[in-house]
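Trainee: need a structure here:
(one chain, ligands or ions: 1)
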Amino acid sequence: MATKVELFYDVLSPYSWFAFETLCRYRGPWNLDLYFRPFFLGGLMNLAGNKPPMTVPNKAQYMQHDLQRGAEYFKVPLRNISDPVKTLFEKGSLPAMRFVTAVAKEKPTFVEEVSRQFWWRLWHHDEDITEAESFKEVGERAGLSKEDIQQCLEMLKTTAVKEKLKKETEYAYEKGAFGSPYIIAHANGEEHCFFGSDRFPILAMVLKKKWIGPDPLSPSELDGSMTSKL
Ligand SMILES: N[C@@H](CCC(=O)N[C@@H](CS)C(=O)NCC(=O)O)C(=O)O
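Mentor: Numbers count the residues shown, from 1 in each chain. The predicted structure follows:
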């Protein structure tokens, strides 16, 4: 039987990109029933009384290096952005996450690729993710039709979409989330919650699966599990 795993994420979060791609790669090998649950990290931070790591100078400096190491390790094409203050704090991700939420309502099979394209746009190309034109490009790259993109653009201003994103964020908070990514794995009749992209060996232990590094189809000798079966 497939294992239900829920991934709560915001595309503003670079660590969430690592977790997202890793879970997508393990979907087959671990027989995961993977649920994408887009939420709004800014709202979650407020609910949880947390603050973004980038606001702590030493953490911000650490992250600059850690994200580059993470990109190499996870084989995710993430690059540091040129103006983090403007991009992460002034512009933020609310409209983008509303767009993802609209896609989740209207064209749920496209949520995965739309989310990925937002990460590519922000965390590889260092491009805007707040304007309607940006959403159009993301939608096109993800394979949505022009009509669907237009519908999602109209929907992102509706109360239904705003409320849905708010509810998802509140739900994540109620489940103990305080940052992104947040993973809930359903196994042995329990919910197992994880924060971060660095918990996969422990998730594997809980699921009684084999962790062979971030890319199970092409494991590295350095992951130490070359001879093991999944
Ligand atoms: N150690 C985690 C860090 C993840 C992380 O820092 N996520 C940020 C968003 S990019 C966050 O929500 N942080 C909240 C916190 O650190 O309390 C990992 O490697 O994935």
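Trainee: just the strands from this structure, written as ranges.
Mentor: For the chain, the strands defined by DSSP state E cover 3-9, 32-38, 182-187, 190-195.
Trainee: among these, which comes closest to the ligand?
Mentor: Checking the strands of the chain against the ligand by Cβ to the nearest ligand atom gives strand 190-195 as the closest, at 6.8 Å. (Each C-beta comes from the backbone N, C-alpha and C, glycine too.)
Trainee: list the contacts of the closest one.
Mentor: With Cβ atoms under 8 Å, 6 or more residues apart in numbering as the test, strand 190-195 has contacts from 175-179, 181-186, 202-203, 206.
Trainee: ok, which of those residues also contact the ligand?
Mentor: Near the ligand, judged by Cβ under 6 Å from any ligand atom, the entries from the contacts of strand 190-195 are 178-179.
Trainee: buried members of the contacts of strand 190-195 into ChimeraX, please.
Mentor: To isolate the buried members of these in ChimeraX, using 16 or more other Cβ atoms under 10 Å:
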select :177,179,181,182,183,184,185,203
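Trainee: quick check, nearest of the contacts of strand 190-195 to residue 121?
Mentor: Minimum distance to residue 121 across the contacts of strand 190-195 is 18.4 Å, recorded for residue 181 (Cβ to Cβ).
Trainee: test my guess that the closest one contacts residue 6.
Mentor: No. The pair residue 181 / residue 6 is not scored as a contact, 10.5 Å apart, by Cβ atoms under 8 Å.
Trainee: picking up where we left off before, can you lay out the contacts of strand 190-195 as JSON lines showing distance to residue 29 and pLDDT?
Mentor: Shown next, in JSON lines, are the contacts of strand 190-195 (distance: Cβ to Cβ, whole Å; pLDDT from 0 to 100):
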{"residue": "175", "distance to residue 29": "26", "pLDDT": "98"}
{"residue": "176", "distance to residue 29": "27", "pLDDT": "98"}
{"residue": "177", "distance to residue 29": "26", "pLDDT": "98"}
{"residue": "178", "distance to residue 29": "29", "pLDDT": "98"}
{"residue": "179", "distance to residue 29": "27", "pLDDT": "98"}
{"residue": "181", "distance to residue 29": "19", "pLDDT": "98"}
{"residue": "182", "distance to residue 29": "22", "pLDDT": "99"}
{"residue": "183", "distance to residue 29": "16", "pLDDT": "99"}
{"residue": "184", "distance to residue 29": "20", "pLDDT": "98"}
{"residue": "185", "distance to residue 29": "15", "pLDDT": "98"}
{"residue": "186", "distance to residue 29": "18", "pLDDT": "98"}
{"residue": "202", "distance to residue 29": "17", "pLDDT": "98"}
{"residue": "203", "distance to residue 29": "13", "pLDDT": "98"}
{"residue": "206", "distance to residue 29": "16", "pLDDT": "98"}
